[in-house]
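Novice: can you look at this prediction? I've put the sequence above it.
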Amino acid sequence: MRKVYPSVTAMQADNDPQGDDGKPLRRGNLVAIYDREHPKAEDNGRIYVYTGSSWSQVAHVPYTLGNEYSDEDKSKVGLIKTNAGEDHYLAGDGTYKPIHVPEAPIQSISVGGTNLQPDDHGNVDLTIPKAPVRGYRSMVRLSHPTPQGLSTSRPIVGRCRA
């Protein structure tokens, strides 16, 4: 697309068409019609080819190139930051606010049906004993090559008792 005209009339009135880069249009160059002041104008989205002396419409892409968000909506998006920490939340006004978590001592914790009471500082010490290994089960599948590819034989199951 070498140039964007605001209207078909403006394009047809251009006797010395130049691209948006200031260089003269050549035969076969494409231009588009789009009026920023009127994003829903009927001619917006029309595509023309320059023939060297006139214009020929080759397509019409009837999509609105603008958006319907107000400047106020756009300014709210600008307020949103993505680098707030994990201790913040996104408020309705588009800003991040800190999360205030009240510090309350733990009342009680139950592990395996046994209630563990916190100490004077609200801490509970959990000691999880390690259980001895009583045994394990291992399953191995053996593969061997055949002219058709790999063949898997039956599984071999092994057991070990401690």
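Specialist: Nice, I can see it.

Novice: in the protein, which spans are helices?
Specialist: Counting by DSSP state H, one finds helices in the chain at the ranges 8-13, 71-79.

Novice: for the last one, what is the average pLDDT?
Specialist: What it means is helix 71-79. The predicted model gives helix 71-79 an average pLDDT of 72.

Novice: try the first one
Specialist: For helix 8-13, the mean pLDDT works out to 96.

Novice: identify each buried residue in it, please.
Specialist: 8, 11 (16 or more other Cβ atoms under 10 Å). Backbone N, C-alpha and C define where each C-beta goes, glycine included.

Novice: follow-up on the earlier one: dump the helices of the chain to JSON lines, plus distance to Arg26.
Specialist: As requested, the helices of the chain are exported to JSON lines (distance: least, Cβ to Cβ, whole Å):
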{"stretch": "helix 8-13", "distance to Arg26": "16"}
{"stretch": "helix 71-79", "distance to Arg26": "38"}
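
Novice: closest to Leu30 out of these?
Specialist: Proximity to Leu30, assessed across the helices of the chain by Cβ to Cβ, is greatest for helix 8-13 (11.6 Å).

Novice: and of the helices of the chain, who's closest to Gly52?
Specialist: When the helices of the chain are ranked by proximity to Gly52, the top entry is helix 8-13, at 14.6 Å, counting by Cβ to Cβ.

Novice: how close does Ser53 get to Arg26?
Specialist: For Ser53, the distance to Arg26 under the criterion Cβ to Cβ, to the nearest Å works out to 12 Å.
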